[in-house]
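Q: have a look at this fold, sequence not included:
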């Protein structure tokens with residue numbers, strides 16, 4: 001494997017001004033290749049490096065799921081138990097009679113929310129990928145300041161206040177009925193902190209980040225590392241504008257440590273996390289998870305009906321494990337059945353497909369149409385490498 005072909009294919013997107021910069025890694029178990037293309041700033045004075053720190057957004061979700069799985073192994077929580085013991089704010093739920101119903105138009109929940117519901121995103125709250133039309137529930141969330149859209153850690157209320165506000169709202173669907181995106185991980189982060197008796201960041205550092213030697217991963221960037229961190233961009237009305245500056249929301253520890261979208265990381269750090277999972281929960285002699293927990297994370301938990309009603313991929317090709325998407329069928333120009341991973345809406349992607357792991361980190365948010373075209377190119381590269389290496 002050589003760097004040049006991948007650099008050329010990804011660099012074409014930077015040259016076309018689709019985005020300012022990116023860093024990539026492809027590990028086929030025999031060779032690890034990395035590259036950095038473009039710049040961190042709009043003036044194009046600071047090149048992206050392979051050790052640049054990026055906002056990884058929803059690639060936070062797999063780490064939160066691993067943290068919860070550790071507590072399951074420790075016997076502190078049980079996936080089948082209701083969340084009521086640790087999250088009493090969510091006991092005795094009411095459920096909307098219809099997703100578009102008024103907030104007061106409800107019926108009683110048929111059963112409590114379980115920890116497994118949080119892990120599999122079937123708790124009854126979240127983003128419906130099949131219907132983005134405005135609804136009374138969305139307006140109520142906005143009025144309560146619960147956060148919607150791109151992550152804004154500095155604008156979030158403290159976890160206990162956030163959860164108490166959320167608890168005043170009914171569920172959108174009955175527990176266990178539908179796969180709905182994101183909120184499950186945010187709530188799971190609060191549950192982990194309460195179960196562990198310490199902040200999510202501390203538990204994550206003690207049980208995942210420090211054992212795996214991931215020093216650049218966290219909910220903020222330390223002052224001494226800001227030179228490896230750049231602004232983040234979004235396209236608005238055809239113009240690239242700054243979404244978050246270097247000294248913005250990730251330059252200081254947040255009040256709300258978002259288990260769904262709050263982390264920053266690097267190629268090297270996330271590669272170590274991915275290698276741990278590829279090793280069945282172990283890396284370089286350090287075991288983070290049992291193989292049983294690894295299987296639970298990377299195995300689809302959704303029913304065929306739930307996937308058909310709206311799962312992680314619009315074409316129904318993927319299910320959901322614990323915090324990761326799981327590929328159910330071969331994608332013609334991408335990962336094969338059995339691959340797992342996830343992406344972040346701020347412009348990041350990770351997939352492990354058998355012996356191949358691929359990570360792409362960028363400094364530009366997805367646009368209204370979804371991922372930038374560079375991600376489709378990177379998926380093709382992954383698919384090609386996977387097939388050359390024997391797939392899964």
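A: Happy to help now that I have it. All values reported here derive from a predicted model rather than from experimental measurement.
Q: tell me the domain ranges of the chain?
A: Under the assignment the TED database, the domains of the chain span 5-65+216-390, 77-196.
Q: compute the first-to-last residue distance for the last one.
A: In other words, domain 77-196. Chord length of domain 77-196, first to last residue, is 10 Å (CA to CA, to the nearest Å).
Q: what of stretch 79-93?
A: 19 Å.
Q: list of residues touching that stretch?
A: 72, 77, 108-109, 112-119, 124, 163-164, 166-167, 170-171, 175, 187, 190-191, 194-195 (CB atoms under 8 Å, 6 or more residues apart in numbering). C-beta coordinates here come from the backbone N, C-alpha and C atoms, glycine included.
Q: show me how far it is from its chain's centre.
A: The chain centre lies 23 Å from the centre of stretch 79-93; the measure is CA atoms, centre = their mean, to the nearest Å.
Q: give me the buried stretch members for that stretch, please.
A: Going by neighbour count (16 or more other CB atoms under 10 Å), the buried part of stretch 79-93 is 79, 82, 83, 86, 87, 89, 90, 93.
Q: what does stretch 335-350 give?
A: By neighbour count on 16+ other CB under 10 Å, the buried set for stretch 335-350 is 335-336, 338-350.
Q: swap in stretch 49-56?
A: Buried, per 16+ other CB under 10 Å, within stretch 49-56: 52, 53, 54, 55, 56.
Q: what segments of the stretch 201-350 of the chain are strands?
A: 232-236, 239-244, 264-265, 282-283, 286-287, 318-320, 325-327, 340-344, 348-353 (DSSP state E, counting those that start in this stretch).
Q: same question for the longest helix along the chain, mean pLDDT?
A: Scanning the chain for the longest helix, with DSSP state H as the assignment, gives helix 373-388. The pLDDT scores in helix 373-388 average 91.
Q: now for that helix, which elements pack on it?
A: Judged by 3 or more CB pairs under 8 Å, 6 or more residues apart in numbering; DSSP states H and E, helix 373-388 is in contact with helix 3-15, strand 21-27, strand 348-353, strand 356-362.
Q: got a markdown table for those, with distance to residue 142 and mean pLDDT too?
A: Below are the helices and strands packed on helix 373-388 laid out as a markdown table (distance: least, CB to CB, whole Å; pLDDT from 0 to 100):
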| stretch | distance to residue 142 | mean pLDDT |
| --- | --- | --- |
| helix 3-15 | 34 | 89 |
| strand 21-27 | 32 | 97 |
| strand 348-353 | 26 | 97 |
| strand 356-362 | 28 | 97 |
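Q: for PyMOL, write the selection for the buried entries among the contacts of stretch 79-93.
A: Applying 16+ other CB under 10 Å to these, the buried members can be selected in PyMOL as follows:
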select buried, resi 72+77+109+112+113+114+115+116+117+118+119+124+163+166+170+171+175+187+190+191+194+195
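Q: just the ones in strands from the contacts of stretch 79-93, please.
A: Taking DSSP state E, the ones among the contacts of stretch 79-93 that sit in strands are residue 108.
Q: stretch 110-128: end-to-end distance?
A: Across stretch 110-128, the terminal residues are separated by 21 Å (CA to CA).
Q: give the rounded mean pLDDT of that stretch.
A: 98.
Q: what about that stretch, distance to the chain center?
A: The answer for stretch 110-128 is 17 Å, by CA atoms, centre = their mean.
Q: nearest residue to the residue sitting nearest the centre point of the chain other than its sequence neighbours?
A: Residue closest to the average C-alpha location in the chain (CA atoms, centre = their mean): residue 58, at 2.3 Å. Closest residue to residue 58 apart from its sequence neighbours, by CB to CB, 6 or more residues apart in numbering: residue 344 at 4.4 Å.
Q: could you measure from that neighbour over to residue 52?
A: 15 Å (CB to CB, to the nearest Å).
Q: for the protein, which spans come out with low pLDDT?
A: 1-4, 390-392 (pLDDT under 70).
Q: which residues in it form helices?
A: 3-15, 60-73, 115-120, 136-143, 159-166, 183-196, 200-204, 267-278, 291-298, 304-310, 373-388.
Q: return the set of buried residues in the first one.
A: It refers to helix 3-15. 6, 7, 10, 11, 13, 14.
Q: got the angle for that helix vs helix 373-388?
A: Relative orientation of helix 3-15 versus helix 373-388 (axes from the mean of the first three to the mean of the last three CA atoms, to 10 degrees): 160 degrees.
Q: now the angle from helix 3-15 to strand 21-27?
A: 150 degrees.
Q: report the beta-bridge partners for the residue nearest to residue 58.
A: Using DSSP bridges, the bridge partners assigned to residue 344 are residue 348.
Q: and if you look at residue 25?
A: Going by DSSP bridges, residue 25 forms beta bridges with residue 34, residue 359.
Q: hmm, residue 359 and it touching each other?
A: Yes - assessed by CB atoms under 8 Å, residue 25 is found in contact with residue 359 at 4.5 Å.
Q: common neighbours of those two, please.
A: 267, 271.
Q: more crowded one of those two?
A: residue 359 (29 against 22; other CB atoms under 10 Å).
Q: ok, the more buried one - contacts?
A: So residue 359 contacts 24, 25, 267, 270, 271, 274, 348, 349, 350 (CB under 8 Å, 6+ apart).
Q: distance of the first one from residue 375?
A: Okay, so that is residue 24. For residue 24 relative to residue 375 (CB to CB), the value is 11 Å.
Q: got it, and the second one?
A: If you measure residue 25 against residue 375 using CB to CB, the figure is 14 Å.
Q: how about residue 346?
A: Using CB to CB, one gets 12 Å for the distance from residue 346 to residue 375.
Q: returning to what we had before: show me the two of the buried residues of stretch 79-93 that sit farthest apart.
A: Spatial extent of the buried residues of stretch 79-93 (CB to CB) is set by the pair 79 and 89 at 19.7 Å.
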